[in-house]
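Chemist: After the sequence you'll find the predicted model.
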Amino acid sequence: MMLKKFAEYPPRKRVGILAILLGFLAAFIGDPAGGVYRHVNLKDLAITASTNNDKIDVKDLARWIIDGKYDYRLVDLRKPEEFDKYNIPTSECIPISKLLDSDLMRNEKIILYDNDEFTAAQGWFILKADDYKSVHVLEGGLNSWRDKILFPKLSVNATPQEKLEFEKIAEISKYFGGQPQTGAKATQRNVELPKLKAPVKIKLKKTRHKRKREGC
């Protein structure tokens with residue numbers, strides 16, 4: 001009964017509840033296999049999770065990529081085979097089980113994403129519990145990237161303002177190889193992600209060396 005009720009909650013509320021539960025467990029379980037235990041401030045984590053200050057909008061990310069703003073690490077938490085099929089340009093694949101073994105630095109701005117936000121919320125708590133300072137979640141994940149960037153839709157009854165906004169996002173969509181949806185196309189569902197690579201204009205970051213230890 002509780003699981004059924006949980007599934008009926010909006011996605012953002014489900015993510016928030018899961019994140020708080022994960023933080024609670026992290027405070028008591030730690031990592032017995034590695035003998036590593038870390039104090040977790042549940043109050044601070046709960047406040048951060050509830051304010052959405054850790055969320056990054058897909059439209060903002062798209063503009064950052066186009067403008068060549070690379071003051072962040074964009075991390076895809078999905079399986080390598082899913083990453084190879086399609087990924088957001090400039091992202092790197094680090095499965096959630098490998099997060100703490102990666103070369104991510106505690107003072108970097110890190111943006112996590114998966115298909116929605118569930119796995120990203122788990123990754124957020126793992127890194128925050130390990131004292132990473134600037135961890136963010138891509139709001140809506142790859143599903144939101146698909147709906148708002150690759151396949152934005154313009155309804156038949158759109159207002160002049162909505163049409164103007166659509167014209168702007170349509171140009172962004174084309175940059176990433178997407179297909180803006182108008183008329184009959186805008187009513188279609190379950191559109192598959194295109195099999196694309198990063199646009200030629202986008203240059204990926206240089207390969208990083210293995211992360212050095214950052215204190216205790």
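Modeler: Done, it's in.

Chemist: mind checking how far the residue nearest to residue 66 when sequence neighbours are not counted is from residue 74?
Modeler: Of all residues not flanking residue 66 in the chain, residue 175 sits nearest, at 6.1 Å (CB to CB, 6 or more residues apart in numbering). Bear in mind the C-beta positions are built from the backbone N, C-alpha and C, glycine included. Going from residue 175 to residue 74 by CB to CB, to the nearest Å gives 16 Å.

Chemist: So between those two, which is more surrounded?
Modeler: Between residue 175 and residue 74, counted using other CB atoms under 10 Å, residue 74 has the larger neighbour count: 23 against 16.

Chemist: which ones are touching the more buried one?
Modeler: By CB atoms under 8 Å, 6 or more residues apart in numbering, the contact set of residue 74 is 61, 88, 90-92, 111, 113, 138.

Chemist: mind running it again at 10 Å?
Modeler: Contacts here follow CB atoms under 10 Å, 6 or more residues apart in numbering; on that basis residue 74 touches 56, 61, 64-65, 87-92, 109-113, 136, 138, 205.

Chemist: Please flag which of these sit within strands.
Modeler: Judged by DSSP state E, the contacts of residue 74 include 56, 92, 109-113, 136, 138 as members of strands.

Chemist: Dump those to TSV, plus pLDDT, neighbour count and distance to residue 160.
Modeler: Output for the ones in strands among the contacts of residue 74, formatted as TSV (pLDDT from 0 to 100; neighbours: other CB atoms under 10 Å; distance: CB to CB, whole Å):
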residue	pLDDT	neighbour count	distance to residue 160
56	96	18	29
92	96	17	41
109	96	15	37
110	97	23	39
111	97	24	34
112	97	30	37
113	97	30	33
136	95	19	34
138	96	26	30
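
Chemist: between those, which is nearest residue 127?
Modeler: When the ones in strands among the contacts of residue 74 are compared for distance to residue 127 (CB to CB), residue 110 wins out at 6.7 Å.

Chemist: Let me know whether that closest one touches residue 130 as I believe.
Modeler: No: in this structure, residue 110 is not within contact of residue 130 by CB atoms under 10 Å, at 11.5 Å.

Chemist: overlap in contacts of these two?
Modeler: If you check residue 110 and residue 130 against CB under 10 Å, 6+ apart, the residues they both contact are 99, 104.

Chemist: Do you know the pLDDT at residue 115?
Modeler: Per-residue pLDDT puts residue 115 at 94.

Chemist: hmm, which helix or strand of the chain has the shakiest average pLDDT?
Modeler: helix 2-8 (a mean of 46; mean pLDDT, DSSP states H and E).

Chemist: so where do the helices sit in the protein?
Modeler: Under the criterion DSSP state H, the chain contains helices at 2-8, 11-29, 42-51, 58-67, 80-85, 118-129, 141-145, 160-175.

Chemist: Can you give me the neighbour number for the residue nearest to residue 181 when sequence neighbours are not counted?
Modeler: Counting by CB to CB, 6+ apart, residue 181 lies nearest to residue 153, which is 4.4 Å off, once chain neighbours are set aside. Residues near residue 153, counting by other CB under 10 Å, number 18.
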